[in-house]
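K.L.:
Give the three-dimensional model of this entry:
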Amino acid sequence: MGLDEAVAARRFLIRGEHANLWFEGRGPDQDGALDGALVVSFDNLATIDEGWPRGPWAWKRLEPMGHSVLGVQSHAKDWFRQPTAPMLLRGLEERGFFRRFRRVVLVGASMGGFAALNFAPLIPEARVLAFSPQSTMNKVIAPYEARFPYAVKRSNWEGMPFLDAAAAVPYVRRAVVVYDPMVPEDRAHAARLAGPNVQMLRVPFATHEAIRVVLKTGTFPLLIDALIEADGAGPDFWQAYRARRSVTKWQRAVLAAAANKGRHQLVIQAADAMLRLGQDLPDEEKVFIRRARRGAVNARKVGAAT
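P.N.:
The predicted structure is shown next:
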C-alpha cells in the first residue's frame with residue numbers, strides 16, 4: 001500500500017527500503033476520522049532480534065489500551081540513521097494522516113527513544129515518551145557513549161539530518177524522559193535533553209532497561225495516558241511505581257549497588273526486606289537474594305577481622 005491510500009485506511013503496512021510502517025486504527029470511524037489517540041512506537045534492539053513478521057514495539061502492551069497504533073519498524077539496528085523512516089512519517093504528515101487524531105504520542109526505548117524524540121518535530125503538537133534514550137552517537141557531541149560500537153560503525157553519525165535529538169527537543173510539544181540517573185551514560189544524555197518542555201522521571205536502580213521495570217510495575221499505561229490526557233506524569237505514577245520493590249531487575253540492581261560500595265549491612269537489611277515482602281518471588285530469585293545476603297555477611301566478618 002502507498003502513502004496516498006494509507007491516509008484514510010483503518011489499517012495498513014507500508015514496506016520501505018530501510019523501514020516499515022505498520023498501522024492499526026481503533027475507535028469510531030466517521031468519514032475516515034478516528035477520534036481517539038494515536039501512539040507511534042519505534043523499534044529497539046530487542047524488537048529487531050525477533051525477526052519478521054512482527055508487530056510494532058510494545059504492541060502487546062498498547063493493543064489492550066484501545067488506542068490506534070503506528071509502528072515504525074527498522075530493518076536493522078541502525079538507530080533509524082536512514083532516510084526511509086523520516087521520509088514515510090513526513091509523507092503521512094503532508095497528507096493529513098496525523099490530523100485524524102486528537103492527540104499523538106511517540107514512544108520508544110533506547111534506540112527507539114532516540115528516534116521518538118528526533119522525529120517528533122515532523123508531527124505538529126506530538127508528545128514523546130522516551131525510556132533511556134540516547135541523544136546522539138556522534139563521538140564529538142557525546143564522547144561518553146561507547147556502549148553500542150556497532151551503531152557507530154554501521155551508521156552515519158557525521159552527516160545526514162536528525163543527527164542529534166537534543167536539537168529536536170525545543171520543537172517538541174511535550175516530552176517525558178524516563179531514565180536511571182545511576183547509569184552515567186543515560187544521565188549524560190538526559191542532561192543534554194533537558195528543557196522547559198521536558199519532564200524528567202528519574203528511576204534509580206532501573207538500569208538502562210528502565211522500560212522493563214516500568215512494564216513490570218504496570219505503570220506503562222499510566223505514562224501513555226498521562227501524555228494523552230495531560231502534559232506529563234503525576235503523583236499517580238509514583239504511587240503505582242512503588243511496585244518496583246517486587247521487581248527482580250530492580251532488586252538485583254539495589255543489592256549490586258550496595259555491595260559494590262561495601263555497604264554490607266545495607267545489603268543484609270535490603271535482602272531481609274525483599275524476602276519478607278516477596279513471598280511469591282520465584283525460587284531462583286530467592287536463591288539470588290539469599291546468596292547476596294550470605295556474601296554480605298561473610299564480607300562483614302572479614303572486614304571486622306582485619
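K.L.:
how far does stretch 181-196 sit from the chain's center?
P.N.:
Centroid separation for stretch 181-196 versus its chain: 14 Å, with C-alpha atoms, centre = their mean, to the nearest Å.
K.L.:
Which positions in it come out as buried?
P.N.:
Applying a neighbour-count criterion of 16 or more other C-beta atoms under 10 Å, one finds Val183, Glu185, Asp186, Ala188, His189, Ala190, Arg192, Leu193 buried in stretch 181-196. Any C-beta I mention is one placed from the backbone N, CA and C, and that applies to glycine too.
K.L.:
Likewise for stretch 100-111?
P.N.:
For stretch 100-111, using 16+ other C-beta under 10 Å, the buried residues are Arg100, Phe101, Arg103, Val104, Val105, Leu106, Val107, Gly108, Ala109, Ser110, Met111.
K.L.:
ok, the first one to Ser68 distance?
P.N.:
Applying C-beta to C-beta, to the nearest Å, the value for Arg100 to Ser68 is 8 Å.
K.L.:
do you know how far the residue nearest to Tyr171 when sequence neighbours are not counted is from Val128?
P.N.:
Spatial nearest neighbour of Tyr171, chain neighbours left out: Pro121 (3.9 Å); criterion: C-beta to C-beta, 6 or more residues apart in numbering. Distance, Pro121 to Val128, by C-beta to C-beta: 10 Å.
K.L.:
With Arg81 instead?
P.N.:
From Arg81 across to Val128, the span is 18 Å (C-beta to C-beta).
K.L.:
So for these two, which sits in the more crowded spot?
P.N.:
Counted by other C-beta atoms under 10 Å, Arg81 and Val128 do not tie: Val128 has more neighbours, with 31 against 23.
K.L.:
What's the local residue count around the closest residue to the more buried one other than its chain neighbours?
P.N.:
Excluding its sequence neighbours, the residue lying closest to Val128 (C-beta to C-beta, 6+ apart) is Ala175, at 4.1 Å. The number of residues packed around Ala175, counting by other C-beta under 10 Å, is 28.
K.L.:
what do you get for Glu285?
P.N.:
16.
K.L.:
Identify the residues contacting the helix or strand that contains it?
P.N.:
Applying DSSP states H and E as the criterion places Glu285 in helix 283-305. Helix 283-305 is contacted from outside by 248, 251-252, 255, 258-259, 262, 264-265, 267-268, 271-272, 274-275, 278, 281, using C-beta atoms under 8 Å, 6 or more residues apart in numbering.
K.L.:
Only the buried members of those residues: can you turn that into a PyMOL selection?
P.N.:
Buried subset of the contacts of helix 283-305, written as a PyMOL selection, criterion 16+ other C-beta under 10 Å:
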select buried, resi 248+251+252+255+258+259+264+267+268+271+274+278+281
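K.L.:
did I read that right, Val69 in a helix?
P.N.:
No - secondary structure of Val69 (DSSP: H, G, I helix; E, B strand; the rest coil): strand, not part of a helix.
K.L.:
Spit out the contact partners of it.
P.N.:
Counting by C-beta under 8 Å, 6+ apart, the residues that Val69 touches are Phe23, Glu24, Arg26, Leu38, Val39, Val40, Ser41, Pro56, Trp59, Leu62, Glu63.
K.L.:
what's the distance between the residue nearest to the spatial centre of the chain and Lys153?
P.N.:
For the chain, the residue whose C-alpha lies nearest the mean C-alpha position (C-alpha atoms, centre = their mean) is Ala109; its distance is 2.4 Å. If you measure Ala109 against Lys153 using C-beta to C-beta, the figure is 22 Å.
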